[in-house]
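> Can you look at this prediction? I've put the sequence above it.
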Amino acid sequence: MDDTVIRDYIARELVRDPSLLPLENSTPLLDSGILDSLSLLRLVVFLQDQFGITVGDLDVVPEHFATVDAICGYLRSRTDGSVSTAP
Amino acid sequence: MAHLLHHLLADSARLWPDRLAVSADDDALTYTELDRRSNQLARRLRAAGVERGDRVGILARKSGAAVVAVYGALKAGACYVPLDPSSPDERLTLIMGDCGIEVALADTANVARAVGLRRAAPTLRCVIGLGAGAGAGGGEPAEVETVSWQTVLDEGDHPLPGGGVIDTDLAYILYTSGSTGSPKGVMISHRASLTFVDWAARCAELDEEDRVCSPAPLHFDLSVFDLFSSCRAGACMVVVPPTTAMFPVRLGEWVEQQQISVWYSVPSLLTMLATHGNLRERDLSCLRVVIFAGEVFPAKHLSRLMEELPGVRHLNWYGPTETNVCTWHEVAHAVTPLSAPLPIGVACENVEVFAVNDAGERVTRPGEEGELFVRGSGLMSGYWGRPEKSRQALVRNPLQHAYDEPAYRTGDIVTLDERGAYVFLGRRDGMVKTRGYRVELGEVESALYAHPAVREAVVLPVPDDLLGNRLRAVISLEDEGAPSRSDLLDHCRRRLPAYMVPDEVEFTDTLPRTSTGKVDRVLLAASARGPEGS
């Protein structure tokens, strides 16, 4: 499932505070400090490579990155719904 | 004239009582309000037993309440010690123990955490909550007295008597990375800080109409500018919400909406704003000065920024925490050629800088290299509790033999350009910059060595356009135990602030050695950069 891929990437590469693990699809990524300006940039690069899309500057906004669910929702809008999440 | 930092506030409250001093997300304070609230906090601190020279910790994000905390601590005669909320407990308690913090101020989100730090920082005896509702419930352990914000508001709001504070008393201690594995506290006096604060306000031509933003947190010395230079000028310090600062497009919109006129940050944030901030669509006509410091601004990104912001002054400020800003350079026109390093410039007021070559002579000709020294009233007083380290850093001025006078050895190698401006070339030692922060590679290595399965660890800087440097750890393991990459990173995250945690980890059986048996850092660095690196 694509949400698992994204969650694993964030947990493996970006989470600094182990007490925030395990990550849920609804874990806040911004208020919790999991993402900062530089880890956000890395995440964008990862999403582009992983899903073969270009994330435009105007798409890098809090609404699209607040949670793993929000990221999946954004990706679905960019990939005709082919991004899947676990039921 | 003000000779203590908090005199700036008293003066501005008299001159501009109704102008905004601080504007933050949920909080706006006029100069009168900031002055009165910080008087109340100073009184409460005095009641809690704080005296001249005591260290008061501040565990808070930048906010109106945090600014009240800074001025309240200073008015009580104390020196404030910022405690970074995003640092792990282990590092915070190390700092608290090092300088003996007994009383800490914490914002609403951090009161319970501050009280809990008592378990590993036994000097802590009182935590005062900042902001409505903060500290009302008490906390564990019970040895710590918890004082609510409401209790602070019950104090009188007229000024405290001076308490005998003089300009050479400490105003704050900022902890920076230390090579032997523990952070060291840079002690800055009121006089040293004001040397910078006064000059900076003039250099940026601040006045009461300005809206000044610096995203730097309190423990980063860039925050001294918006905390104090803004106040000196009667300007408004505008606090950027943390989430906004992460999203370049939103940050650009915010700078427009907030009518920011003066910006001060590390270059990486400006690079993101210039390359991803959609600035062409913004009306940034209020913005008149952009200042950057903390690391080298790559010329290609600076050119891009200057194209996006025509008609704006661009200032490059340089200086280690130990000296405040000591040199500056105004970037007069688009930087060409792209490969030439940007000068760090010439000395600020009341500061003298000079470079000394290996033969002990002053560097006077373009192209000659030497180590940069700084002297004057902006210097730190030393490192807290480390007389030996202080003597190594604040040496006798090598060019002046008539009397004993300190000069700070920066460890930075510089040269002069044709116009007499200094140009930074590199470091003498194992210190690197990443994300604008100083990192002693030895401190990261010490943290890695603390893991039982690590046999050898070397941390290398890998040059990075945006970050300045990425940190790569090369590790060989003991025969017992096989920690994963993420185990080791978790281990570091519990000990080090986030910016010091390695970005990459590489395992190897053995580390290459030089003929003298030392780890061959040059070889490792070359392979870290890869075949295309140079």
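Structure's in. What do you need? Numbering: from 1, shown residues only, chains lettered A, B, ... in the order given.
> Strands along chain A, start to end?
Assigned by DSSP state E, the strands in chain A number zero.
> Show the subsequent helix or strand relative to the helix or strand containing residue B:388.
Applying DSSP states H and E as the criterion places residue B:388 in helix B:387-393. Toward the C-terminus, helix B:387-393 is succeeded by strand B:394-396 as the next helix or strand (DSSP H and E).
> The helix holding residue B:388 - contacts with which helices or strands?
strand B:382-383, strand B:406-416 (3 or more C-beta pairs under 8 Å, 6 or more residues apart in numbering or on different chains; DSSP states H and E). In this view, the C-beta of every residue, glycine as well, is placed from N, C-alpha and C.
> Generate JSON lines for the ones you listed, with mean neighbour count and mean pLDDT as supplementary columns.
Converted to JSON lines, the helices and strands packed on helix B:387-393 look like this (neighbours: other C-beta atoms under 10 Å in any protein chain shown; pLDDT from 0 to 100):
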{"stretch": "strand B:382-383", "mean neighbour count": "22", "mean pLDDT": "98"}
{"stretch": "strand B:406-416", "mean neighbour count": "20", "mean pLDDT": "95"}
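> circling back to that earlier point, buried sites along the helix holding residue B:388?
Residues of helix B:387-393 classed as buried: B:389-390, B:393 (neighbour count, 16 or more other C-beta atoms under 10 Å in any protein chain shown).
> ok, now stretch B:148-159?
Quick answer for stretch B:148-159 (16+ other C-beta under 10 Å): B:148-149, B:151-152, B:155, B:157, B:159.
> taking the mean pLDDT, what do you get for that stretch?
Here stretch B:148-159 scores 94 as its mean pLDDT.
> Tell me the span between the first and last residue of it.
Using C-alpha to C-alpha, to the nearest Å, the end-to-end distance of stretch B:148-159 comes to 21 Å.
> can I have the helix or strand of chain A with the lowest mean pLDDT written out in PDB, keeping just the CAs?
Sorting the helices and strands of chain A by mean pLDDT, DSSP states H and E puts helix A:37-51 at the bottom, at a mean of 88. Output of helix A:37-51 as PDB, limited to C-alpha atoms (Å, rounded to 0.1, in the frame of the first residue of the first chain):
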ATOM      1  CA  SER A  37      11.600  23.000   6.300                       C
ATOM      2  CA  LEU A  38      14.500  20.700   5.300                       C
ATOM      3  CA  SER A  39      12.900  17.300   6.000                       C
ATOM      4  CA  LEU A  40       9.900  18.600   4.100                       C
ATOM      5  CA  LEU A  41      12.100  19.200   1.100                       C
ATOM      6  CA  ARG A  42      13.500  15.600   1.300                       C
ATOM      7  CA  LEU A  43      10.000  14.200   1.500                       C
ATOM      8  CA  VAL A  44       9.000  16.100  -1.600                       C
ATOM      9  CA  VAL A  45      12.000  14.700  -3.500                       C
ATOM     10  CA  PHE A  46      11.100  11.200  -2.300                       C
ATOM     11  CA  LEU A  47       7.400  11.600  -3.400                       C
ATOM     12  CA  GLN A  48       8.500  12.800  -6.800                       C
ATOM     13  CA  ASP A  49      10.900   9.900  -7.300                       C
ATOM     14  CA  GLN A  50       8.500   7.300  -5.800                       C
ATOM     15  CA  PHE A  51       5.400   8.300  -7.700                       C
END
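> OK, contacts around residue 31?
All of this is about chain A. residue B:243 (C-beta atoms under 8 Å, 6 or more residues apart in numbering or on different chains).
> sorry, should have said chain B
By C-beta under 8 Å, 6+ apart, the neighbours of residue B:31 are B:9, B:12-13, B:16-21, B:231, B:234.
> neighbour-wise, which of these leads?
Ranked by neighbour count (other C-beta atoms under 10 Å in any protein chain shown), the contacts of residue B:31 have residue B:231 at the top, with 30 neighbours.
> Out of the buried residues of helix B:387-393, flag the one nearest to chain A.
Distance to chain A across the buried residues of helix B:387-393 (C-beta to the nearest C-beta) is lowest for residue B:389, with 28.8 Å.
> Show me what counts as buried in the least confident helix or strand of chain A.
In helix A:37-51, counting by 16+ other C-beta under 10 Å, buried: A:37-41, A:43-44, A:46-47, A:51.
> could I get those as CSV with distance to residue B:220?
Below are these laid out as CSV (distance: C-beta to C-beta, whole Å):
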residue, distance to residue B:220
A:37, 14
A:38, 15
A:39, 18
A:40, 20
A:41, 20
A:43, 24
A:44, 25
A:46, 28
A:47, 30
A:51, 36
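> Chain B next: which of these are close?
Near chain B, judged by C-beta under 8 Å from any C-beta of the partner chain, the entries from these are A:37-38, A:40-41.
> Which one of the residues you listed is nearest to chain B?
residue A:37 (4.5 Å).
> Just give the nearest non-adjacent residue to the closest one, would you?
Sequence neighbours aside, residue B:246 is the residue nearest to residue A:37 in space, at 4.5 Å (criterion: C-beta to C-beta, 6 or more residues apart in numbering or on different chains).
> Over to residue B:108?
residue B:134 (4.2 Å).
> Return the residues in contact with that neighbour.
B:65, B:106-108, B:111, B:148-149.
> which among these gets closest to residue B:346?
residue B:65 (38.4 Å; C-beta to C-beta).
> The closest one: helix or strand, and which one exactly?
With DSSP H and E as criterion, residue B:65 is part of helix B:64-75.
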